[in-house]
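Participant: Fold the following, please.
(one chain, ligands or ions: 1)
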Amino acid sequence: MEIGGLQKTTFIDYPGKIACTVFLVGCNFRCPWCYSSEIVLPDKITRQPKIIERDFFSFLDERKGILEGVVICGGEPTINPELPDFIKEIKKRGLQVKLDTNGSNPEMIKSLIKDNLIDYIAMDIKAPLNEKSYNSTAGTRVDVDKVKESVKIIKNSKIDYEFRTTVVPSIHDADKIREIAQDISGAKKYFIQNFRAEKNIDESFTKLEPYSQESLEKIKDSIAHHFDVCQLRY
Ligand code: SF4
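Facilitator: The predicted structure follows:
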């Protein structure tokens, strides 16, 4: 498993748990606002220092009794066929696992849930669930049926989950966000995350103004009825 980064402690990435976050290398999307180009773009990946898997597991052993969970994010973790074995090694240490995913690999998500390998899943919803919107938003051709399948699997699962969208004003106007909310209506939790103009894959995005808190509050209020919990994240 290629590990491109490790945040040794986080109190916010795994709801209710003290966790670390491990960043796996590689992604099949190219969202222009992405903040993680060093582990997404192949030419940057080659220059990114890697963490050896053995060292990561030694780190977990050292933090035994302190850490409660591990957040696995990327890049896109589910493009790695060895992900289930990697998670099994984490689970052997008695830790809970949260997976962050773009939802492009429903088969992997289904099998991880079935094998009790994940305890929490956070799936990004990049755009309304149709091909035209997704392709123009995720920076590549996306099989939207797979994304829809992941939404269905997650909604019908027994594990805790959230959907979330990073909103960029030039991409996600209020109508688009309402369309997304409609598409995933009935989900337990939905978070609207404000875009940050920093080290974005498309450098022109570093000049964009994020939404004001007031605008996002208004949008959130107009969609909150679709969910049990609907909140903003900054
Ligand atoms: S935002 Fe996520 S899905 Fe999009 S390119 Fe970056 S890592 Fe991949």
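Participant: average pLDDT for the one helix or strand residue 179 maps to?
Facilitator: Here residue 179, judged by DSSP states H and E, is contained in helix 174-183. What helix 174-183 shows for mean pLDDT is 97.
Participant: now do stretch 94-110
Facilitator: For stretch 94-110, mean pLDDT is 98.
Participant: residue contacts, the residue nearest the centre of the chain?
Facilitator: In the chain, the residue lying closest to the centroid (C-alpha atoms, centre = their mean) is residue 100, at 3.6 Å. Residue 100 is in contact with 71-74, 77, 122-124, counting by C-beta atoms under 8 Å, 6 or more residues apart in numbering. Backbone N, C-alpha and C define where each C-beta goes, glycine included.
Participant: Residue 128 too?
Facilitator: Here residue 128 is in contact with 134, 176, 179-180, 183 (criterion: C-beta under 8 Å, 6+ apart).
Participant: Next, format those residues as CSV and append neighbour count.
Facilitator: Output for the contacts of residue 128, formatted as CSV (neighbours: other C-beta atoms under 10 Å):
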residue, neighbour count
134, 22
176, 17
179, 17
180, 24
183, 19
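Participant: Check those residues against the ligand and report the nearest one.
Facilitator: residue 134 (11.3 Å; C-beta to the nearest ligand atom).
Participant: Moving C-terminal from the one helix or strand the closest one maps to, which element do we reach first?
Facilitator: For residue 134, the element it lies in under DSSP H and E is helix 131-138. Reading on from helix 131-138 to the C-terminus, the next helix or strand found by DSSP H and E is helix 144-155.
Participant: for that following helix, packing partners?
Facilitator: Under the contact criterion of 3 or more C-beta pairs under 8 Å, 6 or more residues apart in numbering; DSSP states H and E, helix 144-155 touches helix 106-114, strand 120-124, helix 131-138, strand 160-167.
Participant: still on that earlier bit, near the ligand, list only the ones from the contacts of residue 100.
Facilitator: Restricting these to those adjacent to the ligand (criterion: C-beta under 6 Å from any ligand atom) gives residue 74.
Participant: Buried subset of the contacts of residue 100, written for ChimeraX?
Facilitator: A single ChimeraX command is used to select the members of the contacts of residue 100 judged buried by 16 or more other C-beta atoms under 10 Å:
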select :71,72,73,74,77,122,123,124
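Participant: can you list the residues of the chain near the ligand?
Facilitator: Close to the ligand, as judged by C-beta under 6 Å from any ligand atom, the chain has residues 27, 29-31, 34, 36, 40, 74-76, 102.
Participant: try 8 Å
Facilitator: By C-beta under 8 Å from any ligand atom, the residues of the chain that approach the ligand are 27-31, 33-37, 39-40, 73-76, 102, 124, 126, 138-139, 166, 201.
Participant: Provide a PyMOL selection command restricted to the buried entries of the residues you listed.
Facilitator: Here is the PyMOL command that picks out the buried ones among the residues of the chain next to the ligand, judged by 16+ other C-beta under 10 Å:
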select buried, resi 27+28+29+31+33+34+35+36+37+39+40+73+74+75+76+102+124+126+138+139+166+201
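Participant: from the residues of the chain next to the ligand, which ones fall inside strands?
Facilitator: Counting by DSSP state E, those place 73, 124, 166 in strands.
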